[in-house]
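K.L.:
next one to model:
(4 chains)
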Number of protein chains: 2
Amino acid sequence: MAGKDSLSAEDWIKAGFRALWAGGPQALRVEAIAREMKVSKGSFYWHFKNVGALKSAMLEHWKQVATFETITKVEQKETGAAAQLKALIELATGEQAAEYGGSRVEAAIRDWARFDAGVERVVHQVETARLEFVAALFLETGEKKAASRQSARLLYGAMIGLEQLPGISRECIRTDLNWLVRRLLGEAPAGQANG
Amino acid sequence: MAGKDSLSAEDWIKAGFRALWAGGPQALRVEAIAREMKVSKGSFYWHFKNVGALKSAMLEHWKQVATFETITKVEQKETGAAAQLKALIELATGEQAAEYGGSRVEAAIRDWARFDAGVERVVHQVETARLEFVAALFLETGEKKAASRQSARLLYGAMIGLEQLPGISRECIRTDLNWLVRRLLGEAPAGQANG
DNA sequence: ACCTGAACACCGTTCAAGT
DNA sequence: ACCTGAACACCGTTCAAGT
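P.N.:
Numbers count the residues shown, from 1 in each chain, chains lettered A, B, ... in the order given. The predicted structure is shown next:
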């Protein structure tokens, strides 16, 4: 960051994620990012053909990281489906969920995908991999195959959706999701609700 | 649409929603919308001070419609909490959920809110009103107050989240949500999973 | 190898002029 | 009352020129 006399493509990608975090897809603009990096915007075009190329590189990067990061973290942390489901929820509702800016960046990428077929393709791949992982956990708890996929959709869908409710705290999301898992697994209700 | 020689602010707002539907928040651009309406962009500035004013007007419009539309439809259609929950799910997963473009526009507005505090405020109000309505239904089924609010968050969160999973059909979402409601209400599981 | 600075096209905004 | 068309600033992109 300080004490380098020339930039790499990687530096621009990182700056791109900072911009995405701060301002969403519409903040992915050459001039603004160049300003933040204190170089002329002309410099950008030595590293990338155009903004589209930067976006593709960012997506490719995110795809590699996002698909495996959470999954491997969960697998290293716990063994057994029930514990891993709990660990997954911890991670997803933690301070900084993913390497590149966490759930705020994830949301921005999903936004972005909604109006860009190329982005949609990549997001589709990542979501599918994650859903399969979660479904495998539910399968391990003894659910039937179709039921495990449904439970995975509901848990993962609730993760995405709850994060988007305004004014909801991480703890509230965590409690709700853990409760949901117990209900999906058919466990008996208990005094578990919050706010 | 055909056979009017001058435009109203309302016409621009409608065109704004068409643009939002088709291209998301970043498609809310004066020149593009003016082109679609076959007038010069200068014309826009007679009706609105700037793009920000158009966006505010769209939001205000959406707020009025979005808060009450679904709620009143559900209340007119069915009586009794269980039936109304089912009707709510039907509506939310129907062909065209809301007047101004349905869930695609809703998603775009949520995207937009994530990086604009003013939009966030309005979305917050709307989501709160909806959550309160859903919570009241769960309360009516006999749940305790805190539990009913939790169930509302989980159902509404899952609605939002499932819609964002790529490659998922409306029928799949509907089945999943109905299943979720049964589980939240503590009803016995049955062979209900799909895909 | 990496960057600057000028150039040009595109879009937001203003405004004088038209009907 | 409502619209056009020219003007200007801002940003994406190109490119010749610098180190």
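
K.L.:
CA atoms for contacts and neighbours, from now on please.
P.N.:
Noted.

K.L.:
and the gap between the residue nearest to A:T67 when sequence neighbours are not counted and DNA strand D?
P.N.:
Of all residues not flanking A:T67 in the chain, A:V126 sits nearest, at 5.3 Å (CA to CA, 6 or more residues apart in numbering or on different chains). The spacing between A:V126 and DNA strand D, counted by CA to the nearest atom of the strand, to the nearest Å, is 26 Å.

K.L.:
what do you get for A:L137?
P.N.:
Distance check for A:L137 against DNA strand D: by CA to the nearest atom of the strand, it reads 43 Å.

K.L.:
likewise A:S169?
P.N.:
A:S169 is 34 Å from DNA strand D, where distance means CA to the nearest atom of the strand.

K.L.:
run a quick neighbour tally on that residue.
P.N.:
Neighbourhood size, A:S169 [other CA atoms under 10 Å in any protein chain shown]: 13.

K.L.:
ok, now how distant is it from B:R149?
P.N.:
Remark: distance between A:S169 and B:R149 (CA to CA, to the nearest Å) = 14 Å.

K.L.:
also A:M58?
P.N.:
Per CA to CA, A:M58 is found 38 Å from B:R149.

K.L.:
quick one, which of these two is more surrounded?
P.N.:
B:R149 (24 against 18).

K.L.:
my read is that the more buried one contacts B:A135, right?
P.N.:
Yes - taking CA atoms under 8 Å as the definition, B:R149 is a contact partner of B:A135 at 4.9 Å.

K.L.:
and the helix or strand containing A:S56, is it in reach of DNA strand C?
P.N.:
Under the criterion of DSSP states H and E, A:S56 resides in helix A:51-77. No - applying CA under 7 Å from any atom of the strand, one finds helix A:51-77 out of contact with DNA strand C, separated by at least 13.9 Å.

K.L.:
list the buried residues of the helix or strand just after that helix.
P.N.:
As assigned by DSSP H and E, the chain's next helix or strand after helix A:51-77 is helix A:81-92. By 16 or more other CA atoms under 10 Å in any protein chain shown, the buried positions in helix A:81-92 come out as A:A81, A:A82, A:Q84, A:L85, A:K86, A:A87, A:L88, A:I89, A:E90, A:L91, A:A92.

K.L.:
swap in stretch A:64-76?
P.N.:
Judged by neighbour count using 16+ other CA under 10 Å, the buried positions of stretch A:64-76 are A:A66, A:T67, A:T70, A:I71, A:V74.

K.L.:
give the contact list for the residue lying closest to A:L137 once chain neighbours are set aside.
P.N.:
Using CA to CA, 6+ apart and skipping residues adjacent in sequence, the residue nearest A:L137 is A:A81, 4.9 Å away. Each residue near A:A81 by CA atoms under 8 Å, 6 or more residues apart in numbering or on different chains is listed here: A:L137, A:F138, A:E140, A:T141.

K.L.:
A:G157 now?
P.N.:
If you count contacts by CA under 8 Å, 6+ apart, A:G157 has them with B:G157, B:A158, B:M159, B:I160, B:G161, B:L162, B:Q164, B:L165.

K.L.:
burial measure for the second one, as a count.
P.N.:
Summarising burial for B:A158: neighbours were counted as other CA under 10 Å, giving 26.

K.L.:
give the next helix or strand downstream of the helix or strand hosting it.
P.N.:
Here B:A158 is covered by helix B:145-164, with elements defined by DSSP H and E. Downstream of helix B:145-164, the next assigned helix or strand under DSSP H and E is helix B:170-184.
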